[in-house]
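Undergrad: Sharing a model that was predicted from the sequence below.
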Amino acid sequence: MRILHLHSSFAAGGKELRAVRLMNAFGRVAAHEVVSAQPGAMGAAVVIDPALDVGFPQAFPSLQGRPTPARLWQLAQAMQGHDLVLTYNWGAMDAVLAHRLYGGLLQLPPLVHHEDGFNEDEADGLKTARNLYRRIALARASALVVPSRRLEGIARAAWHQPARRLHFIPNGIDCGAFIERPRPDVLPGIVKGEGERWLGTLAGLRPVKDLPRLVRAFAPLPQPWKLVILGEGPERGAILAEAERLGLAGRVHLPGFVADPSHAVGLFDLFALSSKSEQFPISVVEAMAAGLPVAAPAVGDVPDMVAAENRPYIVAGGDEAGLADALVTLAQDPALRARIGAANRARAQAEYEEAAMIAAYRHVYGQAMGREIPS
C-alpha cells in the first residue's frame with residue numbers, strides 16, 4: 001500500500017519521530033512518500049529504517065501559500081495514486097482543505113489528520129479564523145487523531161468534530177529500552193564526569209519551547225549540576241547567549257539531536273520542560289521510562305501524565321520562579337528524586353507502552369482504508 005505523509009515539518013520532533021516509529025513498525029507492507037511544509041526540515045528522516053521504501057518527492061506542490069482554488073487543485077491532484085493520505089498539524093491544513101473540496105471529483109484516497117499541538121503563534125490562545133478553517137477542512141476527513149485529552153476537548157468544542165471521526169491515542173514508547181543506563185561518553189562533545197549531576201531535556205530548539213527560560217530556571221542550581229539540552233533548531237544561538245549572559249556558558253551544553261533518546265536520557269538525573277505550549281510530549285514519557293522526576297509547566301496533559309508523587313513539581317504555566325524552585329528542591333534531595341523516578345517509571349510501563357499505540361494507529365488507518373494493515 002502507498003501512504004502519503006504531509007507534514008507541517010519533518011524536523012526531529014515528537015510527532016515526526018512517532019510517525020517514523022509507525023512507519024518502521026508497519027514494515028515493508030507499505031511504501032511511503034514524505035513531504036514537509038518546511039522543505040529543509042527533514043531531520044527525522046535519519047531514523048527511518050533503510051529497508052523501507054520511502055521517497056521524498058521534490059516536485060510536490062508547496063504546502064504553504066495562499067489557499068487559492070488553483071493551488072488547492074494542484075495539491076489535490078498530487079494526492080492521487082495513493083491508498084492513504086496522512087496530514088499533520090496546521091502546516092498541512094491546506095492539503096486537508098484541498099482533499100475536502102476536490103476529493104470526490106478526483107476520487108482521492110481516504111485522509112487521516114493528526115493534531116499534536118500549537119506553535120508559538122497559538123501558544124497563548126487559539127485563533128478564531130483557524131478554528132473555522134479546521135472545522136471546514138476536516139469535514140471530509142476519515143479520522144482526526146489527537147494524543148492528548150486537552151486537544152480532544154478542543155477538537156470537540158472549537159472544531160466541532162463528531163465522535164465518530166475523533167480518536168484519542170496517547171503517545172507510547174518502548175519503555176524497556178530506557179531501563180539500561182547509557183555510557184557516560186555516548187553524547188558528542190561531552191562526557192559525564194564522576195560526581196556530576198545533569199538536568200536534561202529533549203526539545204526542538206524553537207521559540208515555543210522557551211529554552212532560555214530553562215537556562216534561567218537552572219541558574220540557581222549549584223555545581224556539580226549541568227544543563228544538557230538535546231535537540232536542534234533555530235534557537236540555539238539565543239540559548240547559548242542566555243547562558244553566556246548568566247555566566248553559565250561552561251555549564252550549559254547543547255550536544256545536538258539524538259536519534260535514539262534511549263541511548264541518552266538515562267544520563268540525566270532530573271528532567272525538565274519550559275515550553276509555552278505542549279499537549280502530550282513524548283519526551284516526558286521517555287524521562288518517566290528512564291526513572292526520572294520531571295519539573296515542568298502545567299501545559300497540555302503534562303500534570304496528568306506524571307505519577308501522583310511528581311505532580312507537586314508541575315508548576316503553573318509561565319511561572320519561571322516556580323520552575324526554578326521545583327528544580328532546586330529536586331536537585332538537593334537524591335532520595336526524593338529516586339522515589340519520584342520509580343513512580344514515574346511504573347506509570348510509564350503501565351500506561352504508555354508503544355505496542356498499544358501502534359495497534360491503535362494500525363486500526364484507525366486500516367479502518368479508513370477499509371482493509372487491515374498486516375502485523
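TA: Great, that's in hand. Numbering: from 1, shown residues only.
Undergrad: Show me where the stretch 101-250 of the chain has its strands.
TA: Taking DSSP state E, counting those that start in this stretch as the test, the strands found in the stretch 101-250 of the chain are 111-114, 143-146, 166-168, 197-202, 225-230.
Undergrad: can you give me how far the shortest one is from the chain middle?
TA: Read it as strand 166-168. Distance, stretch centre to chain centre, for strand 166-168: 17 Å (Cα atoms, centre = their mean, to the nearest Å).
Undergrad: strands paired with that strand, and their directions?
TA: Using DSSP bridges, strand 166-168 pairs in its sheet with strand 143-146 (parallel).
Undergrad: average pLDDT across the partner strand?
TA: Averaging the model's pLDDT scores along strand 143-146 yields 98.
Undergrad: Can you tell me what sits against that strand?
TA: Applying Cβ atoms under 8 Å, 6 or more residues apart in numbering, the contact partners of strand 143-146 are 112-116, 138, 152, 155, 159, 161, 165-169, 279, 361, 364, 367-368. For the C-beta atoms, the positions are set from N, CA and C on the backbone; glycine is no exception.
Undergrad: what's around the closest residue to residue 140 other than its chain neighbours, how many residues?
TA: Nearest residue to residue 140, sequence neighbours excluded (Cβ to Cβ, 6 or more residues apart in numbering): residue 100, at 4.3 Å. By the measure other Cβ atoms under 10 Å, the count of residues near residue 100 is 19.
Undergrad: For the helix or strand hosting residue 100, which helices and strands make contact with it?
TA: For residue 100, the host element (DSSP states H and E) is helix 93-106. In terms of contact count using 3 or more Cβ pairs under 8 Å, 6 or more residues apart in numbering; DSSP states H and E, helix 93-106 is assigned the packing partners helix 69-78, strand 84-88, strand 111-114, helix 128-137.
Undergrad: How about residues contacting the first one?
TA: It refers to helix 69-78. Under the criterion Cβ under 8 Å, 6+ apart, residues 60-63, 65, 94-95, 97-99, 101-103, 106, 108 lie in contact with helix 69-78.
Undergrad: The last one now?
TA: By Cβ under 8 Å, 6+ apart, the residues outside helix 128-137 that reach it are 90, 93, 96, 97, 100, 122, 158, 159, 160.
Undergrad: try it again with 6 Å
TA: By Cβ atoms under 6 Å, 6 or more residues apart in numbering, the surrounding residues in contact with helix 128-137 are 93, 96, 97, 100, 158, 159, 160.
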